[in-house]
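# Would you be able to build a 3D model of this:
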Amino acid sequence: GGADGRRLAWREVRREALTDEESVQTVRRRYFILGSWSRWRRPEEMVWSGSAFVYTLRLDRPGPHSFQVLRDGDWEQRLFPSVADAGPGVDHVLGFGDARLAGGLCWTVGTGEGAAPHAGTSVEVLLSHDVADGPLGITWHDA
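As a prediction, the model looks like this:
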């Protein structure tokens, strides 16, 4: 048989400078939340709000629910707390590393700060972030 040859040509249409926000977006990392509600199988992207990365967790079953955050969707670049079942009222620092370093350390919605969330409720998870310093911390509240 003969070869199927195709050609592709490009030409420049225009050149535009990026806005300040577009320039920041080119270097801003992406963060994905991963947790027990999806059996740790489906990372979901957090959305930049202008001041934090945000994810609204809609609970289809009662809690507690645990989670970690993946930088750039990479399973070997995890954000995790320094203590198990960390939450907004638990002293901890932000850890970063692979699954071995994470060692099952997770943030947990529904422990420490009150009753476990009920099915049908939503929790807004916030990852505070600084362009220069990177991730600063995780908190959440009822949505």
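# contacts, neighbours, all on C-alpha from now
Noted.
# ok, and for stretch 53-66, which residues are buried?
53, 54, 55, 56, 57, 59, 63, 64, 65, 66 (16 or more other CA atoms under 10 Å).
# And for that stretch, what's in contact with it?
Counting by CA atoms under 8 Å, 6 or more residues apart in numbering, stretch 53-66 makes contact with 31, 33, 35-37, 45-48, 85, 106-111, 116-129, 143, all of which sit outside it.
# one step back: so which of the buried residues of stretch 53-66 comes closest to residue 18?
Proximity to residue 18 was ranked across those by CA to CA; first place goes to residue 53, at 22.1 Å.
# how about the helix or strand harbouring the closest one as PDB, C-alpha atoms only?
In this assignment (DSSP states H and E), residue 53 forms part of strand 52-58. Provided in PDB are the C-alpha atoms of strand 52-58 (Å, rounded to 0.1, in the frame of the first residue of the first chain):
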ATOM      1  CA  ALA A  52      -7.300  30.500  46.900                       C
ATOM      2  CA  PHE A  53      -7.900  27.200  45.100                       C
ATOM      3  CA  VAL A  54     -11.400  26.100  45.900                       C
ATOM      4  CA  TYR A  55     -13.300  22.900  45.700                       C
ATOM      5  CA  THR A  56     -16.900  22.300  46.700                       C
ATOM      6  CA  LEU A  57     -17.300  18.800  48.100                       C
ATOM      7  CA  ARG A  58     -20.800  17.600  47.600                       C
END
